Structures are given as C-alpha cells and as structure tokens.
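> next input, structure requested:
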Amino acid sequence: MDPAGGCPHAGNARLLAARGPVVPVVLPGEVAGMAVLGHEALREFLAHPDVAKGARHFTALAEGRVPEGWPLRTFATVQGMTTADDADHRRLRALVSRAFTPRRVEELRPRVEAMTSTLLDDLEAAAEAGDGVADLRRHYALPLPLGVICELMGVAEEHQDGLHALSNRVVSTDVGPEEALNANRDLLSLLTAIAADRAKSPGDDLTSALIAAREEDGDRLSGPELIGTLLLLIIAGHETTLNLITNAVRALCTHPAQLAHVLAGRATWPDVVEETLRWDSPVSYFPFRYPTRDLTLHGALIPRGTPVLAGYSAAGRDPSAHGEDAAAFDLTRRTPAKHLSLGHGPHYCLGAPLARLETTVALQSLFTRFPTLTLATPPPDLPRHKSFVGNSTATLPVRLRQE
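As a prediction, this is how the structure comes out:
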C-alpha cells in the first residue's frame, strides 16, 4: 500500500482484473495484510461470523511485531466501537445509537441548514478576497460536519481546529513513527481535557451523557472506552463527510451533464449522495478486521489473525456488481447504487443518516446559490489526501461564478 495514498481507482481496477476480489497487500512497516476489493466478497466478509474487530486477534500485534509508532496502530488499538466485538460492541453502540436515529437526525435539519447558510456567506467572502477563487474544502466541506458533530458532542468552538488538525494526522498513513506517536498523544490529551470539562460542567450533549452513564454504572463504559468513543465519533463524524462533500462537488463539476439532470429535476440530491458514495467512496481502505480462523473467501485464503483492509473504493466500482459502466458517474442508472461505502453488518456506520443529511443539504444549498460554480484547478492537478484510508483531495479550489 502506498502510504501517500493518491487516487485509488486505476490501481483498484487493475488489481480486480488481474488478481481477483481478495488480494495480499504489504502495509507500512512491511506488515503483511490482505484487502477485500470485490463487492460481493466485501459484503460477505463484513458480516462473516468468523471475522472480528478486536486487536487481540491481530497476530503480528500480539506477537510484538508491530512497533509503537506504526501509523495504523490507533486503528487497531483504540478502545471503542470500531475495535469491539459481540456483547462489548452492542454495549458501546447502544450508548450512542439514540443520538443518531433517523428521527433525531431529521430534527437537526434546521440547524444544519442555518450553519450551511452562514458557511456559504463565509465561502463567498473568501472568494471575494481571493480573486473569485476559494478552497471549498476548507471553507465549506470541513466546517459543516465538524461544527455539527462538535455541537452534538458539546465541544467548545476553540477546540475544533485543533481536533481536525490532530485527527487528520492520526488518519494519515504517510507519517513517521515519531509524528504518529506525537499526534496520538496530543489528540488523546485534548480529548481527555474535553471530557474533563464536560464532567465539570455537564450540558445537554452526548459527551455529558456518556460521562453520566459511566458515573452511574462503571461497567457500562470504562475510562479508555470513553476517550476511544469520543475519538471515533469526532473523527468519523467529520472526516468522512468532509470527503463525501468534497468528492460530490468535484464529481458534479467534472460531469456537468449530471449536474444538469439535478438542476432540471431529472435526478435528486440524495441520488448525488448515493452515486458519490458508490463511485468515489470517502473511505478507500478501512483498517482492520481479522479472521478468527483460516478463512477462504471467494477462492483466496486469509490466514487467521491477518489484518484485512475493507476496500470500499474498489467495491464501489466493481463491474461484477455495478455493470460494465461501473467507472462512470451516472445519476440516471437504471439500477440504484447498492454500495457498501457506509459498511454492512453489525458495524454498519452509525452516523449514516447524519452524513446523508449534511451532504444533501450542503450540495442543494451550494448549487442553488451558485449554479455556475466551477473548479478553479484541473482535477489531475488537485493534491490528494495523504492516506490510503481517506479518499479525497486535500484542497478543492472553486470559482463560484462564471466571469
């Protein structure tokens, strides 16, 4: 795996055609792993009863062959829903699931719409200060999901920039051991301070509710699980939606005929969200799952304890599932996109309703106000997010109006 990331799609297509849906990979630090690329293979793998998320099943880690500064170590060792199995997973998920039901998320719509309106003003101001060009990722796609999740979690505004900067370093795969250790230490320190602040001055927010649950019954949530849950909710609650909004705007700007379908009412903004999730998943390869026994999946042997990447970006363009035109961005597909980009099985993305709401509102508001918005930089020249986990560009300069 290339630690610097890059656009995954050409490589995914070559691997699927030449090696099939399950392939061996070499992770940073020469750690042997595997990746599941095919749609059907990934769907089966994500829900397989003999596949676990807990780090105790990671053979190389258990044997001490993974160093402390390994850039992917946090994905394996953080204590929370993403590394819990069975009863522990159900316990941790139940503590936060009520905050993300479709009904509760729909109640957030007015607040999301208000934040979007303010951010569009900020985006326009940034463009006016920049000769008509502004970085949409920085001024719009980032502050919307970050602001929403921080409000839900009761995180003060002054912490938001620091949280994003640190979480961005934690999910990067091209950092060295010292930087990885420092990023994790600093992020855990900041989250601990946020939790301490909420414990001292509780409010009507999810962090306060989690702390109250822990104080009422320590068996429900340990200290490390509290911090791990905050880390998961804040990182997953904004990094993926940031990528999704960025990728959707880039897709529409590079496919003006598809944008015309939406503006003319021949397709909907939710159609854009689902097709973007399939065609350019905000997460490319997500770490990790581990077979609890030697597992044969679609003809490939995955040895017990192997760290396996879920190849969402590859599965989204798998021709065997999405047709020979799977590489095309098409809002008028006869068969609606049945993608796996938000997961499948017991670890299906808890924040899926919120991500869909935020992205739908963001896109509709943006193109209603700026229907002639265009990219200010050719797509091949856009710098990529430096990770093979996240899939997006690091910036998205746009021109809001045609001159």
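
> am I right that A32 is in a helix?
No - membership of A32 in a helix is not supported by DSSP: H, G, I helix; E, B strand; the rest coil, which gives strand.

> how about the contacts made by it?
Residues in contact with A32 (CB atoms under 8 Å, 6 or more residues apart in numbering) are P24, V26, A60, T306. Quick note: C-beta positions are derived from backbone N, CA and C, even for glycine.

> CA atoms of stretch 47-64 as PDB?
Only the C-alpha atoms of stretch 47-64 are listed here, as PDB (Å, rounded to 0.1, in the frame of the first residue of the first chain):
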ATOM      1  CA  ALA A  47     -20.900  -9.800   8.100                       C
ATOM      2  CA  HIS A  48     -18.900 -13.000   8.400                       C
ATOM      3  CA  PRO A  49     -19.300 -14.600  11.900                       C
ATOM      4  CA  ASP A  50     -15.700 -15.700  11.900                       C
ATOM      5  CA  VAL A  51     -14.300 -12.200  11.400                       C
ATOM      6  CA  ALA A  52     -13.500 -10.000  14.400                       C
ATOM      7  CA  LYS A  53     -12.500  -6.400  15.100                       C
ATOM      8  CA  GLY A  54     -10.700  -6.800  18.400                       C
ATOM      9  CA  ALA A  55      -6.900  -6.200  18.400                       C
ATOM     10  CA  ARG A  56      -6.300  -9.400  20.400                       C
ATOM     11  CA  HIS A  57      -7.000 -11.300  17.100                       C
ATOM     12  CA  PHE A  58      -4.200  -9.400  15.300                       C
ATOM     13  CA  THR A  59      -1.400 -12.000  15.300                       C
ATOM     14  CA  ALA A  60       1.500  -9.700  14.400                       C
ATOM     15  CA  LEU A  61       0.500  -7.200  17.100                       C
ATOM     16  CA  ALA A  62       0.000  -9.900  19.700                       C
ATOM     17  CA  GLU A  63       3.500 -11.200  18.900                       C
ATOM     18  CA  GLY A  64       5.100  -7.800  19.300                       C
END
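
> just give the closest residue to F288, not the sequence neighbours.
P307 (4.3 Å; CB to CB, 6 or more residues apart in numbering).

> element containing R289, please.
With secondary structure defined by DSSP states H and E, R289 is part of strand 285-291.

> my bad, R90
With DSSP H and E as the test, R90 turns up in helix 86-97.

> also E225?
Going by DSSP H and E, E225 is in helix 223-254.

> how distant is that helix from the center of its chain?
Computed by CA atoms, centre = their mean, to the nearest Å, the chain-centroid distance of helix 223-254 equals 4 Å.

> now do the buried residues in it.
225-253 (16 or more other CB atoms under 10 Å).

> do you know how far the closest residue to P353 other than its chain neighbours is from V361?
In this structure, P353 finds its nearest non-sequential neighbour in V105, 4.2 Å apart by CB to CB, 6+ apart. Here the criterion is CB to CB, to the nearest Å. By it, V105 lies 11 Å from V361.

> tell me the mean pLDDT for whichever strand or helix holds A209?
Per DSSP H and E, A209 falls inside helix 206-216. The average pLDDT within helix 206-216 is 84.

> other residues contacting that helix?
95-96, 99, 152-155, 194-195, 198-199, 202, 220-223, 226, 229-230, 233.

> can you rerun that using 10 Å?
If you take CB atoms under 10 Å, 6 or more residues apart in numbering as the criterion, helix 206-216 is touched by 92, 94-96, 98-100, 149-155, 191, 194-203, 205, 220-223, 225-226, 229-230, 233-234, 237.

> what's the angle from that helix to helix 86-97?
130 degrees (axes from the mean of the first three to the mean of the last three CA atoms, to 10 degrees).

> okay, the angle between helix 206-216 and helix 223-254?
160 degrees.

> for helix 206-216, which positions count as buried?
L206, T207, S208, A209, L210, I211, A213, R214.

> report the separation between the second one and T241.
In this view, T207 and T241 are 19 Å apart by CB to CB.

> now the buried residues of helix 206-216 in CSV, with distance to D2?
Shown next, in CSV, are those (distance: CB to CB, whole Å):
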residue, distance to D2
L206, 36
T207, 36
S208, 41
A209, 40
L210, 37
I211, 40
A213, 41
R214, 40
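
> farthest pair within these?
Within these, two members stand farthest from each other by CB to CB: L206 and R214, at 12.7 Å.
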